[in-house]
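*Asks:* I would like to see how this sequence folds:
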Amino acid sequence: MKKLIIALVLTIVAICNCAFAMTVKVLNVGQGDAVLIQTGEQNVLIDTSDIDERAKLRQELYKAECYRIDKLILTHAHADHIANAAWLIQNGIFSVRAVYDNGKISANKYYLNYLKSAADYDVPHYALKTGDVLDLGGGATFTVLASAEGFRNVNDDSICARLTLGDFSMILTGDAESATENFILDGGAAIASTVLKAGHHGSKTSNSLDFVRAVSPQFVIISAGEPGLRGGNTYGHPHAQALDAFLIAGVDKRNIFWTYKNGTVTIETDGATTTVTPEFHDVWVDEYLGYRLTIRKIA
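*Replies:* Presented below is the predicted three-dimensional model:
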């Protein structure tokens, strides 16, 4: 009996020691962005998807058992990234503790709405600048690589950052395009990372080959909806040029995930060991590139 008890204790200890210290979920929220980081100490939500995807966002937060958002980080003032921010602050279901953005004033109505909501509900509001480091708890940090660097394109105002825990790292760039990618490269910051959340929903205006090669990711995750009017993805994301860059940079096609095809993609890491698990297993890259090539030939 004593041996059995000792064995059970050792088993429990082994399970605890293998527990993941951080979970990152690239949420399946249609044609928009929402990334949830959970460290055990904090819940951090980066972007909120578009207003017509609110039900999907709510469902994904419920599934993750996330009812407190310690840090709400909004990359830039486009609706598919910030439209649900005011609702998150106001609704009483999700307790938002602080809001962060790029510090650039915008006339966007969703930007104005969340600023007013933050003031009305006494939620602290902060602006992030290049070089800022946020402590996310559990040893995880969020280092800002770029934030509203003076480019005229709103997409290039996006907060870009490197999320790290131990040997794990992930690059998140909002909708930043090649100008901001070059700014980051020229700055010389360490950006080699385990995971790249594809810039601008997998657009050809982002994800330059030089940038992807510098990140040298093992995994790429694209947040974009169903192509066409029904899915709101009238831009044809992801673009073939971006997929080509990922493949040329050495990313295995089985490690390129798209929320429309693969659902919510979950990353679990203890800083040494990392697993990346799609909700749906679908290796779609070859078929999709063939489809894109056909479209180009017809055009």
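*Asks:* Ser203 touches His239, doesn't it?
*Replies:* Yes - at 5.7 Å, Ser203 counts as touching His239 under the criterion of CB atoms under 8 Å. The way it works is simple: take the backbone N, C-alpha and C, and place the C-beta from them, glycine included.
*Asks:* in the protein, which helix or strand is least confident?
*Replies:* helix 2-17 (a mean of 37; mean pLDDT, DSSP states H and E).
*Asks:* chain center to the helix or strand following it: distance?
*Replies:* Using DSSP states H and E, the helix or strand that follows helix 2-17 in sequence is strand 22-26. Here the centre of strand 22-26 is set off from its chain's centre by 9 Å, with CA atoms, centre = their mean, to the nearest Å.
*Asks:* And the helices in the stretch 151-299 of the chain?
*Replies:* 178-187, 209-215, 240-248, 259-262, 285-298 (DSSP state H, counting those that start in this stretch).
*Asks:* Among the ones you listed, which comes closest to Glu60?
*Replies:* helix 259-262 (10.3 Å; CB to CB).
*Asks:* As CSV, could you dump the C-alpha coordinates of the closest one?
*Replies:* Extracted as CSV, the C-alpha positions of helix 259-262 are listed here (Å, rounded to 0.1, in the frame of the first residue of the first chain):
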residue,chain,number,x,y,z
THR,A,259,-8.0,29.4,-39.1
TYR,A,260,-10.6,29.0,-41.9
LYS,A,261,-9.2,25.5,-42.7
ASN,A,262,-7.7,24.5,-39.3
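*Asks:* can you give me the strands for the stretch 51-200 of the chain?
*Replies:* Per DSSP state E, counting those that start in this stretch, the stretch 51-200 of the chain carries strands over the ranges 68-69, 71-73, 95-96, 99-101, 125-127, 133-137, 140-146, 160-165, 168-172, 195-197.
*Asks:* list the buried ones in the second one?
*Replies:* Within strand 71-73, the residues that qualify as buried by neighbour count (16 or more other CB atoms under 10 Å) are 71-73.
*Asks:* Could you find the closest non-adjacent residue to Leu209?
*Replies:* Counting by CB to CB, 6 or more residues apart in numbering, Leu209 lies nearest to Ala245, which is 4.5 Å off, once chain neighbours are set aside.
*Asks:* ok, how many other residues are close to that neighbour?
*Replies:* 23 (other CB atoms under 10 Å).
*Asks:* Next: the one 5 residues further on.
*Replies:* For Gly250, the neighbour count with other CB under 10 Å is 11.
*Asks:* Ok, Arg213 next?
*Replies:* The burial count for Arg213: 15, using other CB under 10 Å.
*Asks:* My guess is it contacts Val251. True?
*Replies:* No - the pair Arg213 / Val251 is not scored as a contact, 10.4 Å apart, by CB under 8 Å.
*Asks:* who are the neighbours in contact with the most centrally placed residue in the chain?
*Replies:* With distances taken as CA atoms, centre = their mean, Val35 lies nearest the centre of the chain, 4.0 Å away. Contacts here follow CB atoms under 8 Å, 6 or more residues apart in numbering; on that basis Val35 touches 24-27, 45-47, 172, 197, 223.
*Asks:* Show me what it is bridged to.
*Replies:* Taking DSSP bridges as the rule, Val35 bridges to Val26, Ile46.
*Asks:* Show me the shaky parts of the stretch 151-299 of the chain.
*Replies:* 292-299 (pLDDT under 70).
*Asks:* Deepest-packed of the helices of the stretch 151-299 of the chain, please.
*Replies:* Highest mean neighbour count of those: helix 259-262, a mean of 23 (counted as mean count of other CB atoms under 10 Å).
*Asks:* Could you tell me how far it lies from the centre of the chain?
*Replies:* On CA atoms, centre = their mean, the centre of helix 259-262 falls 14 Å from the chain's centre.
*Asks:* So which residues make contact with that helix?
*Replies:* Against helix 259-262 from outside (CB under 8 Å, 6+ apart): 26-29, 221-227, 231, 233, 265, 278-282, 284.
*Asks:* before we move on, the earlier item: tell me which of the helices of the stretch 151-299 of the chain sits nearest to Asp270.
*Replies:* Per CB to CB, nearest to Asp270 of the helices of the stretch 151-299 of the chain: helix 209-215, 21.7 Å.
*Asks:* could I get that closest one in CSV with only the CA atoms?
*Replies:* Below are the C-alpha coordinates for helix 209-215, written out as CSV (Å, rounded to 0.1, in the frame of the first residue of the first chain):
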residue,chain,number,x,y,z
LEU,A,209,10.9,36.7,-47.8
ASP,A,210,13.7,38.5,-45.9
PHE,A,211,11.5,38.9,-42.9
VAL,A,212,10.3,35.3,-42.9
ARG,A,213,13.8,34.1,-43.3
ALA,A,214,14.9,36.2,-40.3
VAL,A,215,12.1,34.8,-38.2
